[in-house]
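Sharing a sequence plus its predicted fold:
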Amino acid sequence: MTGTMKLDAGIPSGPIEQAWDKARFDMKLVNPANKRRHTLLVVGSGLAGASASATLGELGYNVKCFCFQDSPRRAHSIAAQGGINAAKNYQNDGDSIYRLFYDTVKGGDFRSREANVYRLAQNSVHIIDQCVAQGVPFAREYGGSLENRSFGGAQVSRTFYARGQTGQQLLLGAYQALERQVDAGQVTMFPRSEMLDLIVIDGQARGIVARNLITGQLSVHMADAVILATGGYGNVYYLSTNAKGSNATAIWRAYKRGALFANPCFTQIHPTCIPVSGDYQSKLTLMSESLRNDGRIWVPKKKGDKRRPNEIPEDERDYYLERKYPAFGNLVPRDVASRNAKAVCDEGRGVGETGLGVYLDFSDAIRRLGEQTIRERYGNLFDMYQRITDEDPYKVPMRIYPAIHYTMGGLWVDYQLQSTIPGLFVLGEANFSDHGANRLGASALMQGLSDGYFIIPYTVGNYLASAKPAKVTGSHPEALAAFAATQQGIAKLLAIKGKRTVDSFHRELGKIVWDDCGMSRTAAGLKEAIGKIRALREEFWQNLNVPGSSDDLNQSLEKAARVADFIELGELMCIDALERNESCGGHFREEYQTPEGEAQRDDQHYSYVAAWGYTGSANPPELYKEPLEFAYVHPSQRSYK
């Protein structure tokens, strides 16, 4: 079902280079004395949420920040390893704001909004200055200048990094800024609290219902605007590189309250992860894309070759990315590298016990640069790999295989990062806005900090000055109704008293979406997956067993609510993938590929953002389309050869 509502992104007119400056000038302002009269809710405390809370608190707003972890320092942003992009051109290798913009639009396979991407490239240079001022310990050259390395989808070195723990160091910078505002009384933290519903009054987002995960107590929090910065939904696949607690509940409950969900089938498979080793695993481990700077990816030329890697001569190895893509080699974008890894494994040339793996070999780099240099660049990553696999990557190649890592889809937002519910803003991975059908490496940290430090402080002020939301309290009928609905939802989960654990349902869901809505998709497979998910949802509500009660710490109850949302979201992902009859970026429909096996877009029919609206649990979602226009980077068949 296709809706008729027109999606207006509100992109400023005129040259793209001036769009953000023009937008900021045209925005209404809230004067300093009035800022302290406004309360804002920020859900999530990763890079986007922490930077937004800190900056809004610094401006004088009263901010409430919620996170389900015991500390903002445990947000999943901490897991980012390789780096953050910025168009500083410190290497004098031809980089510029326009080139970063171009690479990002092309890397996203021409399914992103040009104006948002250009603004992201503009803000990138300010992010580095901000983080250096905070004391983030970026790697430096011998002379003291900031160092850069390369990432996939670019032919310049624009990635700033802190060894293999860039996300952690950036998050600590944002956390320090956040805690400064907590100490000043501008930000109130609510740790171990999970948002379970959005309160909408007269069409505006005015609050949330949250559950204290330690005591089980539900509470209502009202405000003038709500900001969601809750990350992505990769854990719908069960096995992913995401932290086990990462979930989609906040954005999914907002979707059910009227926010459109955009491009849910655009999910990213990261090519360099430690392969699955058994059915008992609960998550997967990322090996940073930065390793592809010095590591060479290969498989044996001969099918079924079970010799140890050091026993296979050079002329019997296939460095397939270097062979197929000589211009970019091992630094092709993630979707291209992942599909090629799957292809060689499907041919029977995969390595390891399962045959689902390829080699990432550092022997050439160690000979060329010395082991000490490699230790300085990637030491913590090599240590992590050795602890998990009991193999020494300084002596034998790493074994890697693609895994779910990031989601480009998310709640639809306009140029001001506002969803289709006025007063509900969405930042970072929780929105869809910047990466199209494939995110380039080292761009997630860039987007989260751009949204939090440099965009939301302007746009939320414009909303408050324009909408002038009236004061409301938790006794408002809509707030009481949302509170009661949340209570009923929890009671319903506890009352099922079936025989299956929540993890068993989650694992089954993950296998369905990985098999049929993962690295490759087909119409037949997606239709079958939709049927399986609907049957799984029916069994979930009849046969789930959640032990314990709701008035105490109950992790089974937490997971049950999240998996219920994952099941519904998994179905929407498959519906979206089935509707999009083309291949683009991470969405690879086997029916639509070039003779060389590359993704084949259909710009005539599918050059749009697919935004889905909730119409009730028994009804199909409604599709709304935002046409994409490319005035600067004209769509073409992506080539990295």
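Received it, and whenever you're ready, just let me know what you need. Since we're looking at a predicted model, the values are computed, not measured.

Going by residue numbers, what spans are helices in the stretch 51-200 of the chain?
97-107, 114-134, 166-184 (DSSP state H, counting those that start in this stretch).

what's the closest of those to residue 370?
helix 166-184 (23.4 Å; C-beta to C-beta). All C-beta atoms are positioned from the backbone trio N, CA, C, and that covers glycine.

hang on, the earlier thing: in JSON lines, list the helices of the stretch 51-200 of the chain along with mean pLDDT and distance to residue 275.
Shown next, in JSON lines, are the helices of the stretch 51-200 of the chain (pLDDT from 0 to 100; distance: least, C-beta to C-beta, whole Å):
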{"stretch": "helix 97-107", "mean pLDDT": "97", "distance to residue 275": "25"}
{"stretch": "helix 114-134", "mean pLDDT": "97", "distance to residue 275": "33"}
{"stretch": "helix 166-184", "mean pLDDT": "97", "distance to residue 275": "23"}
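
Buried deepest among those, which one?
helix 97-107 (a mean of 23; mean count of other C-beta atoms under 10 Å).

In terms of secondary structure, what does that one contact?
helix 114-134 (3 or more C-beta pairs under 8 Å, 6 or more residues apart in numbering; DSSP states H and E).

ok, and residue 359, which helix or strand is that part of?
strand 358-361 (DSSP states H and E).

Flag every buried residue along the following helix or strand past that strand.
Once strand 358-361 ends, the next helix or strand along the chain (criterion: DSSP H and E) is helix 363-369. Buried residues in helix 363-369, counting neighbours by 16 or more other C-beta atoms under 10 Å, are found at 363, 365-366.

Tell me the one among those residues nearest to residue 424.
Distances from residue 424 to those, taken by C-beta to C-beta, are shortest for residue 365, at 47.3 Å.

burial of residue 546, as a residue count?
Per other C-beta atoms under 10 Å, the neighbour tally for residue 546 reads 22.

ah, wrong one, I meant residue 604
Residues near residue 604, counting by other C-beta under 10 Å: 7.

Equivalent analysis for residue 28, please.
So residue 28, with other C-beta under 10 Å, has 12 neighbours.

same question, the one 3 residues further on
By the other C-beta under 10 Å criterion, the neighbourhood of residue 31 contains 9 residues.

what does residue 302 give?
12.

What helix or strand is it located in?
Per DSSP H and E, there is no helix or strand for residue 302.

and the residue nearest to it when sequence neighbours are not counted, what is it in contact with?
By the measure of C-beta to C-beta, 6 or more residues apart in numbering, the closest residue to residue 302 outside its immediate chain neighbours is residue 316, 6.6 Å from it. The neighbours of residue 316, taking C-beta atoms under 8 Å, 6 or more residues apart in numbering as the test, are 300-302, 305.

repeat that for 7 Å
300-302 (C-beta atoms under 7 Å, 6 or more residues apart in numbering).

Export those residues to TSV and append columns for pLDDT.
Shown next, in TSV, are the contacts of residue 316 (pLDDT from 0 to 100):
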residue	pLDDT
300	98
301	97
302	96
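
can you list the residues you listed in CSV and add distance to residue 280?
Formatted as CSV, those follow (distance: C-beta to C-beta, whole Å):
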residue, distance to residue 280
300, 29
301, 33
302, 32
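
And the pLDDT for the residue nearest to residue 302?
Per-residue pLDDT puts residue 316 at 97.

And for residue 422?
At residue 422, the predicted lDDT confidence score is 98.

Near it, how many other residues are there?
Quick note: residue 422 (other C-beta under 10 Å) scores 17 neighbours.
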